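J.: My questions are about this predicted structure, shown below with the sequence.
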There are 2 protein chains.
Amino acid sequence: MHKLMLAAAALTGLMTALQAAAQFAKPEDAIKYRKAAFTVMGSHFGRIGAMVNGRVPFDAKAAETNIEIATTMSKLPYVAFIEGTDKGETRAKPEIWSEMDKFRTAASTMQDEMAKLNAATKTGNLDAIKAQFGKVGQSCKACHDNYRKE
Amino acid sequence: MHKLMLAAAALTGLMTALQAAAQFAKPEDAIKYRKAAFTVMGSHFGRIGAMVNGRVPFDAKAAETNIEIATTMSKLPYVAFIEGTDKGETRAKPEIWSEMDKFRTAASTMQDEMAKLNAATKTGNLDAIKAQFGKVGQSCKACHDNYRKE
């Protein structure tokens, strides 16, 4: 039974990997896609940052619009870290593939912190937004430090 | 009164342009952002296309997820076609800026067709999705033909 479960888990993992790979015709398409998702996420996260840092006046409605997009984007890039996409126009470190479980955990932490920032933004309380914005930023940095080349 | 309305309209237009420009620190940031938004939109629109064309089996839930993202993305790029972003790493034609009203109308048509594809996708009716998918594709092509370099 244990062996059967292991086999089933392996098959599920294989299917997931195949489905993910099937979404991209070429490795460079996957690289381009994940970079694009990070770019859009970073831009909208940065617009909240501008409010948090006082560079632009706080606008609760604009903050909500931006965090909704950033939250949606936070879920997208990771399906594109498929085999064979460690080379080319990418700053992804090889550790992503040799420590995929740790990488996925770090990604999941960022997604959770972003979802919490989404909830904080809906309260309209700038202090709460500031505090949670910092936590999202830390989760971004943790992953960049470990898994992104300079 | 007429002059006052014109002045007010001009001021509103100026404010909108200033706000749009303020979202991007440099022209190349705006170019990178709009290209990224188009890349993510195209990827998710393409995943629906793969179902419409029978390359992958129709999956109503996956189609809904993909059209939601494509619809969100369809609204993003146009704020980034600001003055000074006709040069650099872009295939945007100068006609975008000399015919900005026509360009915005073409963008709006695409957004409307995408919203209709979103509605069609929610019905789960593959024939309706196929028909509307074609209309979105036409609206993409119309804009590319007129406003994107080869």
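T.: Perfect, thanks for sending it. It should be emphasised that the depicted structure is a prediction, and the values quoted were computed from it without experimental measurement. Numbering: from 1, shown residues only, chains lettered A, B, ... in the order given.
J.: I figured A:K35 hits A:T90, correct?
T.: Yes: using CB atoms under 8 Å, A:K35 is in contact with A:T90, at 7.4 Å. All C-beta atoms are positioned from the backbone trio N, CA, C, and that covers glycine.
J.: Buried residues, stretch A:84-96. List them.
T.: A:85-86, A:90, A:92-93, A:96 (16 or more other CB atoms under 10 Å in any protein chain shown).
J.: Touching it from outside, list them.
T.: With contacts defined as CB atoms under 8 Å, 6 or more residues apart in numbering or on different chains, stretch A:84-96 is touched by A:27-28, A:30-32, A:34-35, A:81, A:97, A:103, A:146-150.
J.: quick one: which two of those residues are the most distant?
T.: A:E28 and A:N146 (23.8 Å; CB to CB).
J.: for chain A, what helix or strand is lowest in average pLDDT?
T.: helix A:2-22 (a mean of 60; mean pLDDT, DSSP states H and E).
J.: Tell me where chain A has strands.
T.: With DSSP state E as the criterion, chain A has no strands.
J.: about what we covered before: of the contacts of stretch A:84-96, closest to B:S43?
T.: Here the nearest of the contacts of stretch A:84-96 to B:S43, counting by CB to CB, is A:K32; it sits at 8.5 Å.
J.: Quick check: closest non-adjacent residue to A:G49.
T.: Excluding the flanking residues, the one nearest A:G49 by CB to CB, 6 or more residues apart in numbering or on different chains is A:F133, at 6.5 Å.
J.: same deal with A:V136?
T.: Among residues not flanking A:V136 along the chain, A:E113 sits closest, at 4.5 Å (CB to CB, 6+ apart).
J.: Can you check the pLDDT for that neighbour?
T.: Per-residue confidence (pLDDT) for A:E113: 98.
J.: How many residues are close by it?
T.: As a burial measure, A:E113 scores 20 neighbours (other CB atoms under 10 Å in any protein chain shown).
J.: Check the spacing between the residue nearest to A:K75 when sequence neighbours are not counted and B:E68 real quick.
T.: Leaving aside its chain neighbours, A:K75 sits nearest to A:Q111 (6.2 Å; criterion: CB to CB, 6+ apart). A:Q111 is 17 Å from B:E68, where distance means CB to CB, to the nearest Å.
J.: Could you do A:A80 as well?
T.: Distance from A:A80 to B:E68, counting by CB to CB: 18 Å.
J.: And the residue nearest the centre of chain A?
T.: A:S74 (4.0 Å; CA atoms, centre = their mean).
J.: near chain B, which residues of chain A show up?
T.: Within reach of chain B by CB under 8 Å from any CB of the partner chain, chain A has these residues: A:22-23, A:29, A:32-33, A:35-37, A:39-40, A:43, A:47, A:56, A:69, A:72-73, A:76.
J.: Are any of the residues you listed buried, and if so which?
T.: The neighbour count (16+ other CB under 10 Å) marks A:23, A:29, A:32-33, A:35-37, A:39-40, A:43, A:47, A:56, A:69, A:72-73, A:76 as buried among the residues of chain A next to chain B.
J.: mind checking how far the longest helix seen in chain A is from the chain centre?
T.: Across chain A, the longest stretch assigned as helix under DSSP state H is helix A:27-52. Centroid separation between helix A:27-52 and its chain, computed with CA atoms, centre = their mean, to the nearest Å, is 9 Å.
J.: gap between stretch A:44-57 and the chain center?
T.: Centre-to-centre, stretch A:44-57 and its host chain are 19 Å apart (CA atoms, centre = their mean).
J.: Show me the contact partners of it.
T.: Residues from elsewhere that reach stretch A:44-57 (CB under 8 Å, 6+ apart): A:58-59, A:62-63, A:66-67, A:69-70, A:73, A:114, A:117, A:121, A:126, A:129-130, A:133, A:136-137, A:140, B:22-23.
J.: ok, now with 7 Å
T.: Applying CB atoms under 7 Å, 6 or more residues apart in numbering or on different chains, the contact partners of stretch A:44-57 are A:58-59, A:63, A:66-67, A:69-70, A:129-130, A:133, A:136, B:22-23.
J.: Report the buried residues of it.
T.: A:44-52, A:56.
J.: so can I have a markdown table of those residues showing pLDDT?
T.: Below are the buried residues of stretch A:44-57 laid out as a markdown table (pLDDT from 0 to 100):
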| residue | pLDDT |
| --- | --- |
| A:H44 | 97 |
| A:F45 | 97 |
| A:G46 | 96 |
| A:R47 | 96 |
| A:I48 | 97 |
| A:G49 | 96 |
| A:A50 | 96 |
| A:M51 | 96 |
| A:V52 | 96 |
| A:V56 | 93 |
